[in-house]
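Participant: need a structure here:
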Amino acid sequence: MDIDINSFKSSLQQTINVLKEELKTIRTGRANPAIIENLEVEAYGGSTKLRLKELSTITTDGASALVIVPFDPSTTVDIEKAILKSPLGLSPQTQGTRITIRVAAMSQEQRDKYSKLIGQMVEEKRNIVRGHRDEIRKKIKEGFDRKELTEDDKYRMEKDIDTLTQKANEDLAAVKASKEKEIQEI
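Facilitator: Model prediction:
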């Protein structure tokens with residue numbers, strides 16, 4: 001029989017971890033290197049595509065500025081172009097090989113837009129959790145129908161699955177609340 005509750009549990013945790021990583025890219029009122037570290041940069045005349053974190057160090061300078069220092073000074077212009085082309089609406093300022101990005105405070109309209117986007121992302125993950133739950137419940141039912149599981153085993157496993165699913169949904173809600181709080185801070 002191929003019902004593995006630990007595998008189910010790890011797939012739920014992986015879904016939550018993916019959400020956390022995706023939410024790092026959403027801008028808040030505070031400067032955070034995570035919003036730009038995965039920007040794709042066409043470096044060395046467009047011959048190589050690398051993520052920004054592979055080409056430079058990214059640090060914060062106070063709560064409202066990011067500082068980028070390329071490992072190879074010849075990629076400074078490529079990095080600047082990638083930032084300007086990104087949908088983040090950031091304006092880099094270059095001083096030699098050091099690029100500074102001022103992160104302006106967000107308007108209430110932007111905050112609301114990002115809150116709505118977070119809600120959509122969390123709902124997608126909830127659907128994935130439901131899919132995992134439905135899949136393993138189907139396997140349990142098939143095992144019971146083939147007489148591989150006793151009725152007690154079936155109910156115990158279903159109860160475990162429901163408990164894990166509920167915990168995953170609570171974790172998703174907590175991640176959502178935390179990110180929304182971060183966005184609403186001024």
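
Participant: Okay, and the residue of the chain positioned farthest from its centre sits in which element?
Facilitator: Distance to the chain centre peaks in the chain at Lys147, reaching 41.6 Å (criterion: Cα atoms, centre = their mean). Under DSSP states H and E, no helix or strand contains Lys147.

Participant: Phi, psi for it please.
Facilitator: phi 70, psi 20 (degrees, to the nearest 10).

Participant: same thing with Pro70?
Facilitator: Residue torsions, per degrees, to the nearest 10, at Pro70 are phi -70, psi 150.

Participant: May I see the buried residues of the longest helix along the chain?
Facilitator: Scanning the chain for the longest helix, with DSSP state H as the assignment, gives helix 108-145. Within helix 108-145, the residues scored as buried using 16 or more other Cβ atoms under 10 Å are 111, 114, 118, 121-122, 125-126, 128-129, 132-133, 136-137, 139-140, 143-144. Heads up, the C-betas are built off the backbone N, CA and C, glycines and all.

Participant: And stretch 24-33, by the same measure?
Facilitator: For stretch 24-33, using 16+ other Cβ under 10 Å, the buried residues are 26-33.

Participant: Just the closest of these to Lys181, please.
Facilitator: When the buried residues of stretch 24-33 are compared for distance to Lys181 (Cβ to Cβ), Thr28 wins out at 9.7 Å.

Participant: any idea where the helices of the protein begin and end?
Facilitator: Counting by DSSP H, the helices of the chain are 5-24, 52-55, 76-85, 108-145, 151-184.

Participant: what angle separates the longest helix of the chain from helix 151-184?
Facilitator: Orientation check (axes from the mean of the first three to the mean of the last three Cα atoms, to 10 degrees): helix 108-145 against helix 151-184 gives 170 degrees.

Participant: Run the angle between helix 108-145 and helix 5-24 for me.
Facilitator: Using the same axes, to 10 degrees: helix 108-145 against helix 5-24 is 170 degrees.

Participant: Counting by contacts, list what helix 108-145 packs against.
Facilitator: helix 5-24, helix 151-184 (3 or more Cβ pairs under 8 Å, 6 or more residues apart in numbering; DSSP states H and E).

Participant: sorry, back to before: out of the buried residues of stretch 24-33, which one sits closest to Ser107?
Facilitator: Using Cβ to Cβ, the buried residues of stretch 24-33 come closest to Ser107 at Gly29, 10.2 Å.

Participant: Of the buried residues of stretch 24-33, which pair is most distant in space?
Facilitator: Gly29 and Pro33 (15.1 Å).

Participant: so what pLDDT did the closest residue to Ile3 other than its chain neighbours get?
Facilitator: Distances taken as Cβ to Cβ, 6 or more residues apart in numbering place Lys139 nearest to Ile3, at 5.0 Å, with adjacent residues excluded. Note on Lys139: pLDDT of 92.
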